[in-house]
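> Provided below for reference: sequence and predicted model.
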Amino acid sequence: MVDTYNTTHHDQRCQSSTFITDYERGEVICSVCGEVMAVSLTDGARPDQLYTSEQFMKRAQNGPTSSLVMYDQGLSTVIGTNRDSAGNALSVKSKYEFNRLRMWDRRSKSRSSVSLSKAFTLLNSMKTKLAIPDSVVERTAFIYRKVVAANLTRGRTIASLLTAALYIACRESDIPRTLDELVAISNIEKKALFRDLSVILKRLDITLGQYDTSSFVVKLSNNMKLSEKTKRMALEILRRSKKKRLTAGKHPVAMAAASVYMSTLLNNENITQSLLSRNAGVSDVTIRSSVNLIRNALNIKDSLPEYA
């Protein structure tokens, strides 16, 4: 659909005030010179229907979008304050009636709703600490709802099951987050987390793929504020290691840390193994053994010390 209209705005190139709107392509085009003035218009949105955010909220007839992160998916009844639609205060009798409605609304919620509310409050806190995207949070909420539906919550804590679901979502989305990081922010034992994770994977029939080791290289380099040259060299060392099949069956974080450490030595950046170990969450011994493996397989000798 194409529409032609006049506006008070002018094209700076030809000073034309007549524009053509192509709703199929989502473009506004000058009718004289053909310059594209705007792109990515909302489907079916005419210029006189583009509202500000405040106008949209006042005129919208539907509520907010539903979300799995909300315990009720955003579909619950909300009883507002003690005022009518005109903003006037309610009478004493009406206030009493609405207070009773709120009380029975709270009491009518099932135990599962209360449990989901606590779990997703914790999930939002973990989201902030780990800086993970909303898509991963939604996936975590979906997995946790399946855990609840499968009756896996009996004898297990909400924090442990939710953390296990978050780890699965991070693995599926290739977001570099380790079990140690999740244990640190959730304040649970790693043994309990690993046990609950195994139960979820088995009962829900979920198969986790191998982490992309290069994502840990980028994460470590950014956290330690290394140069772009060092980061790219570490990625090249890791690529060559993958080609030699050195990463098969190895800890992805350890291989990433070893690649970063070798890159810092080759580029004369003063990074100690202890500092890298603290940032990566693996021991110095693991990093040294990985460095020896990569150095001998790729025959990289320059500027690298020998480790017995």
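That came through, no problem. In this text the structure is predicted, and so the values were computed from the model without any measurement.
> Nearest the middle, which residue of the protein would you pick?
What sits nearest the mean C-alpha location of the chain, by CA atoms, centre = their mean, is residue 133, with 1.8 Å.
> Torsion angles phi and psi at that one?
Per-residue torsions, residue 133: phi -70, psi 160 (degrees, to the nearest 10).
> From residue 127, how far off is it?
Note on residue 133: its distance to residue 127, by CB to CB, to the nearest Å, is 9 Å. All C-beta atoms are positioned from the backbone trio N, CA, C, and that covers glycine.
> With residue 272 instead?
32 Å.
> These two: who's more crowded?
residue 127 (18 against 11; other CB atoms under 10 Å).
> buried set for the one helix or strand the more buried one maps to?
Here residue 127 sits within helix 111-130, counting by DSSP states H and E. Within helix 111-130, the residues scored as buried using 16 or more other CB atoms under 10 Å are 116, 119, 120, 122, 123, 126, 127, 130.
> Just send these back as TSV, with pLDDT too.
Shown next, in TSV, are these (pLDDT from 0 to 100):
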residue	pLDDT
116	81
119	85
120	85
122	87
123	87
126	88
127	87
130	85
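> Need these in a markdown table (columns: distance to residue 212).
As requested, those are exported to a markdown table (distance: CB to CB, whole Å):
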| residue | distance to residue 212 |
| --- | --- |
| 116 | 32 |
| 119 | 29 |
| 120 | 28 |
| 122 | 28 |
| 123 | 24 |
| 126 | 22 |
| 127 | 21 |
| 130 | 18 |
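> show me the contacts for the closest residue to residue 274 other than its chain neighbours.
Leaving aside its chain neighbours, residue 274 sits nearest to residue 284 (6.3 Å; criterion: CB to CB, 6 or more residues apart in numbering). Residue 284 makes contact with 273, 274, 277 under the criterion CB atoms under 8 Å, 6 or more residues apart in numbering.
> what pLDDT does residue 284 get?
Reading off the confidence values, residue 284 has pLDDT 86.
> Equivalent analysis for residue 236, please.
pLDDT at residue 236 comes out at 90.
> Let me have the contacts of residue 284 in TSV, adding pLDDT as columns.
Converted to TSV, the contacts of residue 284 look like this (pLDDT from 0 to 100):
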residue	pLDDT
273	84
274	86
277	87
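> now, which of these sits nearest residue 157?
residue 277 (30.0 Å; CB to CB).
> Name the residues that touch the helix holding residue 127?
So helix 111-130 is contacted by 69-72, 132, 137, 140-141, 144-145, 148, 153, 158-159, 161-163, 166, 177, 181-182, 185-186 (CB under 8 Å, 6+ apart).
> List the ones among the residues you listed that fall in helices.
Within these, residues falling in helices by DSSP state H are 137, 140-141, 144-145, 148, 158-159, 161-163, 166, 181-182, 185-186.
> Identify the residues contacting the residue nearest to the centre of the chain.
By CB under 8 Å, 6+ apart, the contact set of residue 133 is 173, 175.
> Show me how to select, in ChimeraX, the buried members of the contacts of helix 111-130.
Buried members of those, defined by 16+ other CB under 10 Å, are picked up in ChimeraX with:
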select :69,70,71,132,137,140,141,144,145,153,158,159,161,162,163,166,177,182,186
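> ranges for the strands of the protein?
2-6, 18-22, 27-30, 36-38 (DSSP state E).
> Now the weakest link among these, please, by mean pLDDT.
strand 2-6 (a mean of 51).
> Not counting sequence-adjacent ones, nearest residue to residue 170?
Nearest non-adjacent residue to residue 170 (CB to CB, 6+ apart): residue 177, at 4.4 Å.
> how about that neighbour, what does it touch?
Per CB under 8 Å, 6+ apart, neighbours of residue 177: 130, 132, 166, 167, 170.
> what separates it from residue 289, distance-wise?
24 Å.
> again with residue 264
Residue 264 is 18 Å from residue 289, by CB to CB.
> which of the two has more neighbours?
Looking at residue 264 and residue 289 with other CB under 10 Å, you find the greater number of neighbours at residue 264, namely 21 against 15.
> Please name the nearest non-neighbouring residue to that one.
Excluding the flanking residues, the one nearest residue 264 by CB to CB, 6+ apart is residue 271, at 4.3 Å.
> Check what pLDDT that neighbour gets.
On the pLDDT scale, residue 271 gets 84.
> got it, and residue 25?
pLDDT, residue 25: 62.
> tally of neighbours for the residue nearest to residue 183 when sequence neighbours are not counted?
Using CB to CB, 6+ apart and skipping the chain neighbours, the partner closest in space to residue 183 is residue 190 (4.8 Å). Per other CB under 10 Å, the neighbour tally for residue 190 reads 12.
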